[in-house]
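Participant: from the sequence below, what's the structure:
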Amino acid sequence: MWTKWFEETSQMLTYLASEFQNILSGCILLEAARDIMWTQLYNIDHTMFPYGPNGCSISNLAEKLLLPEVPVASMSLECKHCPLYLPVASERTTYIVHTSSPVPNTTTEWWENLLRHVSQ
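Facilitator: Below is the predicted model:
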């Protein structure tokens with residue numbers, strides 16, 4: 001289930017799903033998968049994802065992993081009083097995720113609630 005969702009979301013999550021499969025099949029250790037993924041990220045942006053003791057921004061990491069290959073939304077500005085219409089090009093127009101009330105305590109709980117809601 002997760003592999004399919006990862007592969008449909010982004011290229012980086014496809015790499016991650018592949019490494020998870022390698023771990024589960026006993027081909028590599030978790031640390032090796034981490035190093036492979038970090039090399040992928042470093043090759044994309046060595047400033048944002050450096051080697052060594054310097055860390056990276058978790059929000060940058062999440063954005064890079066979740067950024068879809070194909071835009072999932074578009075945006076435009078349109079005047080209600082004149083014919084002005086401006087399409088807005090942005091690679092950051094992606095998913096908007098809302099949480100329910102009360103806010104789930106864990107990511108797992110959030111996903112379970114989302115999957116339960118989507119399947120209904």
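Participant: how far away is Q11 from D35?
Facilitator: Q11 sits 19 Å away from D35, taking Cβ to Cβ, to the nearest Å as the criterion. Every C-beta, even on glycine, is put in place using the N, C-alpha and C of the backbone.
Participant: equivalent analysis for I44, please.
Facilitator: For I44, the distance to D35 - Cβ to Cβ - is 15 Å.
Participant: elements contacting the helix or strand harbouring F20?
Facilitator: For F20, the host element (DSSP states H and E) is helix 11-24. For helix 11-24, the packing partners by 3 or more Cβ pairs under 8 Å, 6 or more residues apart in numbering; DSSP states H and E come out as helix 2-9, helix 30-44, helix 58-66.
Participant: buried set for it?
Facilitator: Using 16 or more other Cβ atoms under 10 Å as the test for burial, helix 11-24 gives 12-13, 15-17, 19, 22.
Participant: same question for it, mean pLDDT?
Facilitator: For helix 11-24, mean pLDDT rounds to 91.
Participant: do the same with stretch 44-54
Facilitator: For stretch 44-54, the per-residue pLDDT averages 88.
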